[in-house]
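1. Give me coordinates for this.
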Amino acid sequence: MDPAGGCPHAANARLLARGAVASVLLPGDVEAMAVLGHDALREFLAHPDVAKDAQHFTALQSGEIADGWPLRTFATVQGMTTADGADHRRLRSLVSKAFTPRRVEELRPRIEALTASLLDGLDRAADAGDGVADLRTHFALPLPMGVICELLGVDAEHHDRLHHLSNRIVATDIGPAESMGANREMVEVLSAVAAARTEEPGDDLVSALIAAREADGDRLGPHELIGTLMLTIIAGHETTLNLITNAVRALCTHRDQLALVRSGGASWADVVEETLRWDSPVSYFPFRYPTRDLTVDGTLIPKGTPVLAGYSAAGRDTKAHGPGADRFDITRDSGARYLSLGHGAHYCLGAPLARMEATTALSQLFARFPDLDLAVPDAELPRHASFVGNSVQALPVRPHG
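-> Here you go, the predicted model:
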C-alpha cells in the first residue's frame, strides 16, 4: 500500500483484474491482505469467523508491531469499531440513541440553517479571493464537524484542533513520533471535553455516555469513553467531508449529470448513492481478523491476518456493477447494495445522518451557485496522504462560474 495515498482507482482496477482478494504490504513492512471484490467483501464483512478485536491480530499480540506504527490506533483504540459480540452490542447501544431516525430528523432544521450560513461564508471567501474559494475548508468540513460536535456536546473552540488531529490519525504517511503525538493530544482534548460535560451536563451524547458510566460502573470504562468519542468524531466528520467533496468534484466534471438532477430527472439522493459507489469516501479501512484460516473467493486468508476492507475498489467492481462500473451515472440501478458505509453488525451508525447532510449540502449549494465549477482541473488537485480516506486536500471552486 502506498502510504502517500493518491487516487486509488487505477491501482484498484489492476488488483481486481487479478482477483477479489489481494496480499498487501502495510507501512512498516507489516503483511496484510485486502478484500476488494464487491461480493467477496460483502461476505467477509458479515462472516461469523471474522473479528474486530485486536486480540486476534497475531503480529500485534506477538510484539512485532511498534508503538508508533501509523495504523496502530485503528487496531487498539477502545470502542465499538474494535469490539465484538456482547461488547460491541453494549457500546453500540449506548451511541445509537443519538442516531435514531427520529433524532436525525430533528437535526434537519439545524443542518439546513448551518448549510445556508456556510454558503454565505463561501461566497464571502470567494469575493475576497478573486472569485475562488476552497469549498472543503469553508463548506464541506465545517458542516459535518459542526453537526457531530453539536450532537456530542463539543464546544466550538475545539473543532479546528480536532479536525487537524483526526487528519493526522487517519494519515498513513507519518512517522512514529508524529503518530503518537497526535493520538496523545487527541486524548488530552477529548479528556477536557469529558471533564467539561461532567461539570456541566447537557442534552448531548457525551453527557449521556458519562451518565451511563456513572450509573453503572461497568457499562462504559474511561478508556472506552475516550475511544468512543474519538471514533465518533473521526467517523462522524471525515467520511461526510469526503462524501460532499467527492460529490461536488463528480458533478463539476460530469455536467450532464448535474443538469439531469437539476431538471428533476434524478434526485440529490441519487447523487449521494452514486458518489458512495463511484468514489467512496473511504478507500481501505483497517482492520478485521479471521479467527480461523478462512478462504474467501478461492484465496486463503490465514488466521490472525490484518485485513483491509477495500470499499473504493468494491464500488467499481465490474462483476457487481457491470462493464460501465467506472462511469459516474446517477441513474444507475445495478441491483447491488453498495458497501461504502459497511455491512453486517458494524454497518455505519451515522449513515442516515451522513446522507441527510450530503443531500442538504448539495441541493443548497447548487441552488445558490448553479454555475459553480472547479477552479483547478480535477486531476491536478492534491490528494489525501492516506490510503484510508479517499479525497483531495483542497477543493478550490469558483462559486459563480
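2. Break down the protein into its strands, ranges please.
-> For the chain, applying DSSP state E gives strands covering 21-26, 30-35, 50-51, 133-134, 284-290, 294-296, 299-301, 307-310, 373-374, 396-398.
3. what pairs with the fifth one, and is each one parallel or antiparallel?
-> The reference is to strand 284-290. Sheet pairing of strand 284-290 (DSSP bridges) gives strand 50-51 (antiparallel), strand 307-310 (antiparallel).
4. List the buried residues in the longest one.
-> This points to strand 307-310. Within strand 307-310, the residues that count as buried by 16 or more other Cβ atoms under 10 Å are Val307, Leu308, Ala309, Gly310. Glycine gets a C-beta too; all of them are placed from N, C-alpha and C.
5. Just the mean pLDDT for it, thanks.
-> Averaged across strand 307-310, pLDDT comes to 97.
6. Just the C-alpha atoms of that strand, please, in PDB.
-> What follows is strand 307-310, C-alpha atoms only, in PDB (Å, rounded to 0.1, in the frame of the first residue of the first chain):
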ATOM      1  CA  VAL A 307      -7.400  -7.400   6.600                       C
ATOM      2  CA  LEU A 308      -8.400  -4.100   4.900                       C
ATOM      3  CA  ALA A 309     -11.900  -3.600   3.600                       C
ATOM      4  CA  GLY A 310     -11.500  -2.200   0.100                       C
END
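7. Touching that strand from outside, list them.
-> The contact list for strand 307-310, computed with Cβ atoms under 8 Å, 6 or more residues apart in numbering, reads 1, 12, 15, 24, 32-36, 41, 44-45, 50, 283-290, 301, 339, 342.
8. Just the buried ones out of the residues you listed, please.
-> Here, 16+ other Cβ under 10 Å leaves 1, 12, 15, 24, 32-36, 41, 44-45, 50, 283-290, 301, 339, 342 buried among the contacts of strand 307-310.
9. thought Gly227 was touching Val77?
-> Yes. Assessed by Cβ atoms under 8 Å, Gly227 is found in contact with Val77 at 4.6 Å.
10. For His158, report the pLDDT, please.
-> Reading off the model, His158 has pLDDT 90.
11. who are the neighbours in contact with the residue lying closest to it once chain neighbours are set aside?
-> Nearest-residue entry for His158: Val189, 5.9 Å, with adjacent residues in sequence omitted and distances by Cβ to Cβ, 6 or more residues apart in numbering. Taking Cβ under 8 Å, 6+ apart, we find Val189 in contact with His158, Arg161, Leu162, Leu165.
12. quick one: the third one and Ala156, what's the gap?
-> Same thing as Leu162. Leu162 sits 11 Å away from Ala156, going by Cβ to Cβ, to the nearest Å.
13. So if I had to pick from the two, which one is more boxed in?
-> The neighbour count for Leu162 versus Ala156, taken as other Cβ atoms under 10 Å, is higher for Leu162 (23 against 11).
14. Excluding covalently adjacent residues, which one is nearest to the more buried one?
-> Distance criterion Cβ to Cβ, 6+ apart; nearest residue to Leu162, sequence neighbours excluded, is Ile233 at 5.7 Å.
15. same check, this time on Thr275
-> Leaving aside its chain neighbours, Thr275 sits nearest to Ala247 (4.2 Å; criterion: Cβ to Cβ, 6+ apart).
16. Which pLDDT value belongs to that neighbour?
-> In this prediction Ala247 is given a pLDDT of 98.
17. Equivalent analysis for the one 4 residues further on, please.
-> pLDDT recorded at Leu251 is 98.
18. That one and His321, how far apart?
-> In terms of Cβ to Cβ, Leu251 sits 19 Å off from His321.
19. swap in Pro142?
-> Distance, Pro142 to His321, using Cβ to Cβ: 33 Å.
20. for this protein, what are the low-confidence residue spans?
-> Residue ranges of the chain with pLDDT under 70: 213-220, 334-337.
21. Grab the most central residue of it for me.
-> Thr239 (2.9 Å; Cα atoms, centre = their mean).
22. contacting residues for Ala394?
-> Ala394 neighbours (Cβ under 8 Å, 6+ apart): Asp134, Arg136, Thr137, Leu381, Pro382.
23. I'd like to know how many residues surround the nearest residue to the last one once chain neighbours are set aside.
-> The one in question is Pro382. Take Pro382 and drop its neighbours on the chain: the residue closest to it by Cβ to Cβ, 6+ apart is Gln393, 4.5 Å away. As a burial measure, Gln393 scores 15 neighbours (other Cβ under 10 Å).
24. same deal with Asp84?
-> Neighbours of Asp84 (other Cβ under 10 Å): 18.
25. what's the answer for Gly85, then?
-> Neighbours around Gly85, by other Cβ under 10 Å: 11.
26. where's it relative to Ala140, distance?
-> Using Cβ to Cβ, Gly85 is found at 36 Å from Ala140.
27. One more: Ala34?
-> Distance of Ala34 to Ala140, computed by Cβ to Cβ: 27 Å.
28. returning to what we had before: so Leu251 and His321 - more neighbours on which side?
-> Using other Cβ under 10 Å as the criterion, Leu251 and His321 rank with Leu251 on top: 25 against 22.
29. Quick check: chain neighbours aside, which residue is closest to that one?
-> Leu258 (4.4 Å).
30. same deal with Gly298?
-> Per Cβ to Cβ, 6+ apart, closest to Gly298 is Gly19, 7.5 Å.
31. Glu105 versus the one you found, what's the distance?
-> 43 Å.
32. neighbour-wise, which of those two wins?
-> Higher neighbour count among Gly19 and Glu105: Gly19, with 14 against 11, using other Cβ under 10 Å.
33. Would you mind confirming that that one is in contact with Asp297?
-> Yes. Gly19 lies in contact with Asp297 (Cβ under 8 Å); the separation is 6.9 Å.
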